[in-house]
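1. everything below, folded, please.
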Amino acid sequence: MSRVVHFEIHADDTVRAKAFYEAVFNWKIEKWGGVEEYYLITTGDESEPGINGGIMKRKAPVTEESVMAYVCTIDVTAETIDTTLTKVESNGGALVVPKTAVPRVGYLAYCKDPDGNVFGLMEANENAV
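-> Next comes the predicted model:
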């Protein structure tokens, strides 16, 4: 079975993207030593489930035809989805799809980062209705 092992965030301004994701999710983001402008993202402790990723310089402009190809959803159960949504907006992001209950699973919302990349937020809560 094939599975997701890495994600990439494409950004016009990689420094701004780095600051946004560090501030909102407290991720550890370090510049990679290769020839391309690339940042490695550590999203959590290796003993916990999840994947790590990277931030790279956008290779092609965002157009109506090229939005939301893949969406990574980020678990925000450690705080609350409402707290995270506040952080998203106060750090230059925007709400795209408001918080919605997924019955017996949790709460889901979709946001855009300052570069227009869409991502999901999930707060696990089996009492969600």
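
2. residues in contact with the longest strand belonging to the chain?
-> Ranked by residue count and defined by DSSP state E, the top strand of the chain is strand 94-102. The contact list for strand 94-102 (Cβ atoms under 8 Å, 6 or more residues apart in numbering) reads 81-82, 85, 88-89, 107-112, 118, 128-129. Every C-beta, even on glycine, is put in place using the N, C-alpha and C of the backbone.

3. again, only this time at 7 Å
-> Residues from elsewhere that reach strand 94-102 (Cβ atoms under 7 Å, 6 or more residues apart in numbering): 81, 85, 89, 107, 108, 109, 110, 111, 112, 118, 128, 129.

4. quick one: pLDDT of the closest residue to residue 32 other than its chain neighbours?
-> Using Cβ to Cβ, 6 or more residues apart in numbering and skipping residues adjacent in sequence, the residue nearest residue 32 is residue 38, 4.3 Å away. On pLDDT, residue 38 comes in at 92.
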